[in-house]
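Chemist: what follows is a predicted structure for the sequence shown.
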Amino acid sequence: MVRILYSLFIINCSLTSFAFALGADGDTLCLTLEQCIDRARSQSLDAAVARSTLRSAYWQYRYHRANLLPEVSLSATLPALNKRYNVYQRDDGTYSYVHNDNFETSTSIFISQRLPLTGGTLSLQSSLDYMHQLGDTHGSSRNQLMSIPVALTYTQPLFGLNSMKWDCRIEPLRYREALANYLTQTERVAMTAISRYFDLVIAIEQVNIARQNLQTAEKLYEVAQARREMGDMSKNDVLQMHLSLLQARSSLTSAQTSEQTCRFALCNFLGIEGDVTTICPDSVPRLTLEFDEVLHHALQSNAFATTMRRRQLEAEYEVASARANRYSVSLYAQIGFTGSGSTLHDTYNRLSTNEVVKVGVSVPLVDWGKRRGRLKMAENNREIVENQLRRQSQEFNQDLFVLTQRFNNQLSQLDIAVQADSIAQVRYATNVETFKIGTLSTLELSDAQTAKDQARLGRISQLYQYWYLYYQIRSITLWDFEKGETIPFHSAKHY
């Protein structure tokens, strides 16, 4: 019985919207709820903001991935002309200034790779320097070249913080969090679209109710005048009917203004130029959700779980950073070949080994407890974050449980609203006929009309609540319970 009444309600809403569309201009766009949601996801400003936010997160992740790859760079001086005096020490230990004019060029190419496992940097270098001496060279060659055909260098901080290793743990979580947030935002865009859509549905229905009430008020006022002439109705009741007629006209004007406001809001949100009208959804998924399943999908896909893990890692990173900054030890080692000569052939044939090993140590002797204080602050902040995440996890589970129960109860509320609307419509029709024959007071008729209007709007309101709660759960779980699959990435072509 409930399904039959609900089907009749949907048919009535559809016919009303269709009749309105026929009476409107030719460029009126008639939207279903699904079309409205799809359009909001692709064309609304809220969806554009969500895509831009995701795009920023994507390029940040691309930057992180690029840091893991070898970097190739070229450095060149083309050219350098020097005319200056340089300090020169004679054999007897005295100094004098010597005029030096030369022309120099240099070219170097570097290939460097950071190692996430150790935090060190491995680089390969090749360079060639050329110098042409200007002026009198006292018989020596004017041209001098120096080459480093290959030099392998490794730089390693010892006992320090391996920031690259931490980035490899944190950045993928940050990007995964951004993807989940994007899907959540698209579902929230759908929730906003549902609100705007049903605002217009209710506004159109209010206009229809006001128009029907006005027609009924006009007929009843005519009946009241006729009964007054026959002496079956008091003057007070006739005046009350006249007042009801005026109120019906005022209600229609107010409803039409509200309808235009809601129509403009929906068009503005969807980016539609022109007019638009709506059609009531023809069905609702009759679902009953299990909290354990809802919680499982939420913890698997929602950004909340990823955010918790990321915040924990960031707090641990701060502790590790504060602990590593107590002292600094670095190792620098280079091995390669170098050569020099007056010709390019001599430069690359007279090679000698080039080796450098250097260990640097930086240890604070007296810092008045600054490093120890920073470490304690980082450890305390980590404890605060852990307690906050534990409390937020409990609140998340509780809110999700309440939301699941509200959704499961909403289907019953919708069924009750459908029955209440049907009963109120029949009751009002019966009271109108009873009033015409003079066995019902104006107060009772007014009460029946109010109940009829509230029941009709209450039915649409319960329908709106059902869809809104359903998409609210989707925005948290990122799961389509109707199809039994994860929510697809709607805007891949825009990404």
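Modeler: Looks like it arrived, so ask away. None of the values given here were measured: they were computed from a predicted structure.
Chemist: in the host helix or strand of Asp346, what's buried?
Modeler: Using DSSP states H and E, Asp346 sits within helix 344-349. For helix 344-349, the neighbour count (16 or more other CB atoms under 10 Å) marks Thr347 as buried. Placement of C-beta: from N, CA and C, glycine included.
Chemist: how about residues contacting it?
Modeler: Outside helix 344-349, the residues that touch it by CB atoms under 8 Å, 6 or more residues apart in numbering are 128, 145-147, 149, 339-341.
Chemist: likewise stretch 57-77?
Modeler: With contact meaning CB under 8 Å, 6+ apart, stretch 57-77 is reached by 104-114, 116, 164, 167-168, 171-172, 174-175, 178-179, 495.
Chemist: list the helices and strands the helix or strand hosting Arg391 packs on?
Modeler: Assessed by DSSP H and E, Arg391 sits inside helix 370-436. In terms of contacts (3 or more CB pairs under 8 Å, 6 or more residues apart in numbering; DSSP states H and E), helix 370-436 is packed against helix 2-23, helix 163-230, helix 291-301, helix 303-324, helix 442-477.
Chemist: buried subset of the contacts of helix 344-349 as a ChimeraX selection?
Modeler: To isolate the buried members of these in ChimeraX, using 16+ other CB under 10 Å:
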select :128,145,147,339,341
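Chemist: let me have the helices and strands packed on helix 370-436 in a markdown table, extended by mean neighbour count.
Modeler: Shown next, in a markdown table, are those (neighbours: other CB atoms under 10 Å):
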| stretch | mean neighbour count |
| --- | --- |
| helix 2-23 | 15 |
| helix 163-230 | 19 |
| helix 291-301 | 16 |
| helix 303-324 | 18 |
| helix 442-477 | 19 |
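Chemist: want to throw the ones you listed into JSON lines with distance to Gln419?
Modeler: Below are the helices and strands packed on helix 370-436 laid out as JSON lines (distance: least, CB to CB, whole Å):
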{"stretch": "helix 2-23", "distance to Gln419": "6"}
{"stretch": "helix 163-230", "distance to Gln419": "18"}
{"stretch": "helix 291-301", "distance to Gln419": "28"}
{"stretch": "helix 303-324", "distance to Gln419": "39"}
{"stretch": "helix 442-477", "distance to Gln419": "9"}
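Chemist: so which of these comes closest to Asn431?
Modeler: helix 442-477 (4.2 Å; CB to CB).
Chemist: which residues does Leu295 contact?
Modeler: Here Leu295 is in contact with 397, 400-401 (criterion: CB under 8 Å, 6+ apart).
Chemist: of those, buried ones?
Modeler: The neighbour-count test (16+ other CB under 10 Å) marks Leu400 as buried among these.
Chemist: so Val150, which of the three states?
Modeler: When classified by DSSP: H, G, I helix; E, B strand; the rest coil, Val150 comes out as strand.
Chemist: just give me the neighbour total for it.
Modeler: For Val150, the count of nearby residues is 15 (other CB atoms under 10 Å).
Chemist: surely it and Ile335 touch.
Modeler: No - checked against CB atoms under 8 Å, the pair Val150 and Ile335 is beyond contact range at 9.3 Å.
Chemist: common neighbours of these two, please.
Modeler: Contacts common to Val150 and Ile335, judged by CB under 8 Å, 6+ apart, are absent.
Chemist: okay if I get the contacts of Leu295 as JSON lines plus distance to Ala417 and pLDDT?
Modeler: Listed next are these as JSON lines, based on distance: CB to CB, whole Å; pLDDT from 0 to 100:
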{"residue": "Asn397", "distance to Ala417": "30", "pLDDT": "94"}
{"residue": "Leu400", "distance to Ala417": "25", "pLDDT": "95"}
{"residue": "Phe401", "distance to Ala417": "25", "pLDDT": "96"}
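Chemist: nearest to Thr277, of the contacts of Leu295?
Modeler: Leu400 (35.9 Å).
Chemist: ok, that closest one - contacts?
Modeler: By CB under 8 Å, 6+ apart, the neighbours of Leu400 are 291, 294-295, 298, 476.
Chemist: the same query, at a cut-off of 10 Å, please.
Modeler: 291, 294-295, 298-299, 302, 304, 473, 476-477 (CB atoms under 10 Å, 6 or more residues apart in numbering).
Chemist: and for Arg474?
Modeler: 183-184, 186-188, 190-191, 297, 480-482, 487.
Chemist: okay if I get the residues you listed as a markdown table plus distance to Ser254 and pLDDT?
Modeler: Shown next, in a markdown table, are these (distance: CB to CB, whole Å; pLDDT from 0 to 100):
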| residue | distance to Ser254 | pLDDT |
| --- | --- | --- |
| Leu183 | 40 | 93 |
| Thr184 | 37 | 94 |
| Thr186 | 35 | 93 |
| Glu187 | 34 | 94 |
| Arg188 | 31 | 95 |
| Ala190 | 30 | 94 |
| Met191 | 27 | 95 |
| His297 | 44 | 94 |
| Asp480 | 40 | 92 |
| Phe481 | 39 | 93 |
| Glu482 | 38 | 90 |
| Ile487 | 40 | 89 |
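Chemist: tell me which of the helices and strands packed on helix 370-436 lies nearest to Asn354.
Modeler: Between Asn354 and those, the tightest spacing by CB to CB is seen for helix 163-230, at 28.0 Å.
Chemist: centre of the chain to the closest one, how far?
Modeler: Counting by CA atoms, centre = their mean, to the nearest Å, helix 163-230 is centred 21 Å from the centre of its parent chain.
Chemist: next SSE downstream of it?
Modeler: Assignment by DSSP H and E places the next element after helix 163-230 at helix 235-270.
Chemist: buried residues in that following helix?
Modeler: Neighbour count says helix 235-270 has 237-238, 240-241, 244-245, 248, 251-252, 255, 258-259, 262-263, 266-267, 269-270 buried, by 16+ other CB under 10 Å.
Chemist: just checking, what packs against that helix?
Modeler: If you count contacts as 3 or more CB pairs under 10 Å, 6 or more residues apart in numbering; DSSP states H and E, helix 235-270 packs onto strand 29-31, helix 33-43, helix 45-67, helix 163-230, strand 276-278, helix 442-477.
Chemist: packing partners of the first one?
Modeler: Meaning strand 29-31. By 3+ CB pairs under 10 Å, 6+ apart, strand 29-31 packs against helix 2-23, helix 33-43, helix 163-230, helix 235-270, strand 276-278.
Chemist: returning to that earlier point: so can I have JSON lines of the contacts of Leu400 showing distance to Leu31 and pLDDT?
Modeler: As requested, these are exported to JSON lines (distance: CB to CB, whole Å; pLDDT from 0 to 100):
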{"residue": "Phe291", "distance to Leu31": "34", "pLDDT": "95"}
{"residue": "Val294", "distance to Leu31": "30", "pLDDT": "95"}
{"residue": "Leu295", "distance to Leu31": "34", "pLDDT": "94"}
{"residue": "Ala298", "distance to Leu31": "30", "pLDDT": "94"}
{"residue": "Leu299", "distance to Leu31": "35", "pLDDT": "92"}
{"residue": "Asn302", "distance to Leu31": "30", "pLDDT": "91"}
{"residue": "Phe304", "distance to Leu31": "33", "pLDDT": "90"}
{"residue": "Ile473", "distance to Leu31": "23", "pLDDT": "95"}
{"residue": "Ile476", "distance to Leu31": "26", "pLDDT": "94"}
{"residue": "Thr477", "distance to Leu31": "26", "pLDDT": "94"}
